[in-house]
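K.L.:
no sequence on this one, just coordinates:
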């Protein structure tokens, strides 16, 4: 297997940065949680590194975790494969818009995937908590939480 050159590493890192920031992390959801962490650890796509800093980060991570480059390479291949499948699904869905569907509303599925973030986004967490509290107009969620806490106590 060919060695990863600095030029290739930087190109792959740019691709992951683009995927993370410009395509809303969609392809990251197509790989396992551990693979996402391997990509973040090795390529650091969410860190604002210059090319020189990114190469230094690569050297430090490779020295500290010798198997990480291989794991991240496999994860990158899986991410790219997942990205291709996602694009194929979009094309198929676009072509199917004009055709009548034999599927019912109940038979249609929804695909949900998670993208692992390296750092907690406190703004998004706060927004989710506020939205949850707004949607709990009858207080049932709060009551359920209090009941669970009572059951945990001895």
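P.N.:
That came in fine, so what should we check first? What you are looking at is a predicted structure, and each value in this text was computed from that prediction instead of being measured.

K.L.:
so what's the residue nearest to the spatial centre of the chain up against?
P.N.:
In the chain, the centroid-proximal residue (Cα atoms, centre = their mean) is residue 115; its distance is 2.1 Å. By Cβ atoms under 8 Å, 6 or more residues apart in numbering, the contact list for residue 115 reads 25-26, 28-29, 36. Every C-beta, even on glycine, is put in place using the N, C-alpha and C of the backbone.

K.L.:
could you flag which of these are buried?
P.N.:
Among these, those classed as buried by 16 or more other Cβ atoms under 10 Å are 25, 28-29, 36.

K.L.:
contact partners for residue 75?
P.N.:
So residue 75 contacts 31, 35-36, 38-39 (Cβ under 8 Å, 6+ apart).

K.L.:
what would the residues you listed look like in CSV with secondary structure, distance to residue 52 and pLDDT?
P.N.:
Shown next, in CSV, are these (DSSP: H, G, I helix; E, B strand; the rest coil; distance: Cβ to Cβ, whole Å; pLDDT from 0 to 100):
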residue, secondary structure, distance to residue 52, pLDDT
31, coil, 28, 88
35, helix, 27, 93
36, helix, 25, 93
38, helix, 23, 95
39, helix, 21, 95
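
K.L.:
buried ones among those?
P.N.:
Of the contacts of residue 75, these count as buried by 16+ other Cβ under 10 Å: 31, 35-36, 38-39.

K.L.:
TSV for the residues you listed, including distance to residue 13?
P.N.:
Listed next are the buried ones among the contacts of residue 75 as TSV, based on distance: Cβ to Cβ, whole Å:
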residue	distance to residue 13
31	16
35	16
36	15
38	13
39	10
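
K.L.:
any idea which of the residues you listed is closest to residue 132?
P.N.:
Distance to residue 132, by Cβ to Cβ, is smallest for residue 36 among the buried ones among the contacts of residue 75, at 25.1 Å.

K.L.:
now the closest one: closest residue in space that isn't a chain neighbour?
P.N.:
Nearest residue to residue 36, sequence neighbours excluded (Cβ to Cβ, 6 or more residues apart in numbering): residue 116, at 4.1 Å.

K.L.:
that neighbour: what secondary structure?
P.N.:
Following DSSP: H, G, I helix; E, B strand; the rest coil, we place residue 116 in the coil state.

K.L.:
so it touches residue 38, yeah?
P.N.:
No - contact criterion Cβ atoms under 8 Å: residue 116 and residue 38 do not qualify, at 10.3 Å.
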